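1. Just a sequence and a predicted model for now, questions to come.
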Amino acid sequence: MSARILAGRLVWSVRVKRVRCDNLRLTRQNVHWLVAGSVGPGFVRCSARTWVSFQERSLRGLRGSGFDTVTSRSQRHVPRVAPQRLSALRPWGFYLPRRAWCASQVSLCSYSTSARGEENRDSLENDGGTPATRGRSPRVQSEDLRRLIELARPQRWRLTAAVCFLVVSSTVTMSAPFFLGKVIDTIYMTPGDNFKASLTSLCTVLSGVFLIGSVANAIRIYLIQTSGQEIVRKLRESLFSSILRQELGFFDKTRTGELINRLSADTARLGHSVTDNLSDGLRAVAQAMVGVGMMFYVSPGLATFVLMVVPPMAGLAVVYGRYLRSISKRTQDALAEATQLAEERIGNLRTVRAFGKELNEVVKYVEKINYVFGLAKKEAVMQAGFYGLTGLSGNMMVLAVLYKGGLLMGSEHMTMGQLSSFLLYTFWVGISVAGLTSFYSELMKGLGAGTRLWELLDRKPEFSLTEGVELREDQLRGELAFQDVSFAYPTRKEAPIFQDLDLMVPAGSVMAVVGPSGSGKSTLVSLLLRLYDPDSGIITIDGHDVKDLSPYWLRRHIGTVSQEPILFSCSIAENIAYGAPDPSLVTIQEIHHAAQMANAYDFVQGFPNGFDTVVGEKGVLLSGGQKQRIAIARALLKNPKILLLDEATSALDTENELLVQEALEHLMQNRTVLIIAHRLSTIQSADAVAVLHQGRVVECGPQSKLLANSNGHFCRLMEKQAFLQGSQKLQLAVKGNLRNPGRPDGFKGRFQDDIARLRQEMSRTRAKHPGMWPSFPRQNPLRPVVSDSCFHRRAPLQDRGF
Ligand SMILES: Nc1ncnc2c1ncn2[C@@H]1O[C@H](COP(=O)(O)OP(=O)(O)OP(=O)(O)O)[C@@H](O)[C@H]1O
């Protein structure tokens, strides 16, 4: 096939088939695949690996890479089944539609190692620093410029109309000096009889023309402003959606304040760059060109003399613009850091206040804004120098016009009106050149802000939220299994949480997970919800790898109540309804019912606004226990097949805990429940208990069986807990006793028996597990309990019967 035909097919692939190569690097390899893909229809036999990788990876990569047209058709050929079962299902081998296969190769080539999405993933995750952008030269990059223009594409008709009105208003503006010159010449040169009539008609025509010019200008401004706002709206929408689609690991590394800054300030700056600024820039270009043309028309000699100053000024503007772009990016980054700090500290003001750290926080914030100020000062120095120079050159130009023009008038080569016109054109050209430099600097600022926005917009989440298998409701039984799962958080890869963890939760059973603090109990919940993916091993629901299931579907069928439930700043009713797939369809009766089941109904009704009470930011206007009960009601309303309770009743008092426990037990029927538990009372209702220790499940089975093994982890854990609870009770008893010293029965108050019993119990436990104590934070667990605050202010212990 000749090179021309190949090239033609390549263009056909890329253009006619609407295969946009936005993010694609046209390496020789990619071109090869593209050309091969355009050879014709048919299927290509491929290895199972390619087939699976096409299914798992390329579709994700392709979706963003612009090959949607090709893949959406070919996707139908790819049944979504677990990779392990592929060979059995496809004994005839693996085939892919030729174009899809070639496109997948292109995608893999361009996305596997050097993909922009992954590059961005890496770069964005480096705190504030983006290797991709940090090393970037501040020179205008055509790619960024192209994207900036691409941003304005949807508004092209509005902007075109705006440009038309711009042409009208600029024509009027630029014709003004010429006609004003004519007016002056009419005043000076027209003989007395015709003078008034000529002047009146000229001024009337000019007024009409000026009116048209100003109307055109008003319409231009309206069109530009609305287009700008629309672009900013779209940009914010895409950015917000891109941020929300990112996996949780991204948020572990990226700071909220920074994202908010991108969403508000950077988008506004970028929008401004492509609308108001572009319009002003176009007007400046048009006016400068017309002005220069008119200057040559009026007096070519004078124009050549005056315009000699323009090339050096243009060079200066370019240098200035480049500097501005780089400093603008640094300022935006620094500002984002300051916003992040302010946002976090204001959001956690109670903690700041409780520790009395207001002044420290102010100092930290001042440090950040001082840095911003330092950058702004540098910018101001450059700006002052640049505008000083442009001002000087403008004035010198006017002076040169007057000087040279005066000489030309003296030698009668120029009339008064011509010199006036020329002078006005010089002013206009000066203003336009200043406008052009400002346009250039604003454009550079926009590009600086854009660099980070493109990174965020381009960043591909590790997995899509909607792609994947959705089981039918009646297919879902709720059997959970962790098989050889190893996992470390992306931010702490060196500290594995799980190593070859195995856990099986039969459908419809209640499994309690216990273990020391930090052993990874809550992490199990995160993995099940697919907030993170395990590094190796698989997690299945009814035998389906959660990676094959649609995360959106998965989370719809799992209800969670976490340790620290977060409520949104809206009414209690809205917070409860949030659990339902479509909150707008939830009736008030359903909300009330859920609240009753979660034992929240009474306290909510006690509020003056009942279920319409607004809970404040993160539910700050409610107590911990109240928040938790609202969160339980929210989970109840979701009515999920799988329930994950992360110490869900931890913030409730004993009475409420019993009531909620009862409600939960009722709810737990016919569901699979995983309870992350810390206390004996929480796991009473569990069918089985799994004990986590050093990244593995070391024991699993019914409570009675685990308790039978007195040297087992569970038994030791429970005894430890009982011991600690005992010591707590002992502390309370001792305090109680001390508060009743004046009782008629003397010091042997009503708590004395309790104290003796508890001390005996604790001694027994201690004797039984002598090896257990070194693992306690303090050698003698009794010390912190009974020695500190209670007694120091009073008589020695032995005087009190100890
Ligand atoms: N997002 C995260 N990034 C990095 N490390 C994390 C993250 N979340 C938790 N960890 C770490 O993972 C380990 C397990 O945490 P996890 O919250 O699962 O423990 P836990 O058993 O539920 O603890 P507790 O009983 O105290 O709630 C801890 O060492 C914790 O510091």
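-> In hand now; what should we look at? Residues are numbered from 1 along each chain as shown.

2. Can you give the contact residues for the host helix or strand of Leu151?
-> Per DSSP states H and E, Leu151 falls inside helix 142-152. With contact meaning Cβ atoms under 8 Å, 6 or more residues apart in numbering, helix 142-152 is reached by 159, 227, 231, 235, 270, 273-275, 278, 443, 446-447, 450-451, 454. C-beta coordinates here come from the backbone N, C-alpha and C atoms, glycine included.

3. Next step: the residues you listed restricted to helices.
-> In helices, judged by DSSP state H, the following of those are found: 159, 227, 231, 235, 270, 273-274, 278, 443, 446-447, 450-451, 454.

4. For Ile538, grab phi and psi.
-> Dihedral pair for Ile538: phi -130, psi 160, per degrees, to the nearest 10.

5. what residues are up against Ala688?
-> Ser509, Val510, Met511, Ala512, Cys700, Gly701, Pro702, Gln703 are the contacts of Ala688 under Cβ under 8 Å, 6+ apart.

6. hang on, I meant Glu361
-> Applying Cβ under 8 Å, 6+ apart, we find Glu361 in contact with Leu341, Arg345, Val352.

7. Can you point out the helix or strand that includes Leu282?
-> helix 276-298.

8. For that helix, list every residue counted as buried.
-> By 16 or more other Cβ atoms under 10 Å, the buried positions in helix 276-298 come out as 276-284, 286-288, 290-292, 294-295, 298.

9. how far off helix 276-298 does the helix holding Leu151 point, in degrees?
-> With axes from the mean of the first three to the mean of the last three Cα atoms, to 10 degrees applied, the angle from helix 142-152 to helix 276-298 works out at 100 degrees.

10. Now helix 142-152: buried residues?
-> By 16+ other Cβ under 10 Å, the buried positions in helix 142-152 come out as Asp144, Arg147, Leu148, Leu151, Ala152.

11. I'd like the average pLDDT over stretch 529-549.
-> Mean pLDDT, computed over stretch 529-549, is 89.

12. ok, now stretch 365-379?
-> The pLDDT scores in stretch 365-379 average 89.

13. Alpha carbons of the helix holding Leu282, as PDB, please.
-> Only the C-alpha atoms of helix 276-298 are listed here, as PDB (Å, rounded to 0.1, in the frame of the first residue of the first chain):
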ATOM      1  CA  ASP A 276     -13.200  39.300  28.200                       C
ATOM      2  CA  ASN A 277      -9.500  39.100  27.700                       C
ATOM      3  CA  LEU A 278      -9.800  37.600  24.300                       C
ATOM      4  CA  SER A 279     -12.300  40.100  23.200                       C
ATOM      5  CA  ASP A 280     -10.300  43.000  24.600                       C
ATOM      6  CA  GLY A 281      -7.200  41.500  22.900                       C
ATOM      7  CA  LEU A 282      -9.000  41.200  19.500                       C
ATOM      8  CA  ARG A 283     -10.300  44.800  19.800                       C
ATOM      9  CA  ALA A 284      -6.800  46.000  20.600                       C
ATOM     10  CA  VAL A 285      -5.400  44.100  17.600                       C
ATOM     11  CA  ALA A 286      -8.000  45.500  15.300                       C
ATOM     12  CA  GLN A 287      -7.700  49.000  16.600                       C
ATOM     13  CA  ALA A 288      -3.900  48.900  16.500                       C
ATOM     14  CA  MET A 289      -3.900  47.600  12.900                       C
ATOM     15  CA  VAL A 290      -6.500  50.100  11.700                       C
ATOM     16  CA  GLY A 291      -4.800  52.900  13.600                       C
ATOM     17  CA  VAL A 292      -1.400  52.100  12.100                       C
ATOM     18  CA  GLY A 293      -3.100  51.900   8.600                       C
ATOM     19  CA  MET A 294      -4.800  55.300   9.200                       C
ATOM     20  CA  MET A 295      -1.600  56.800  10.400                       C
ATOM     21  CA  PHE A 296       0.200  55.800   7.200                       C
ATOM     22  CA  TYR A 297      -2.800  57.000   5.200                       C
ATOM     23  CA  VAL A 298      -2.700  60.400   6.900                       C
END
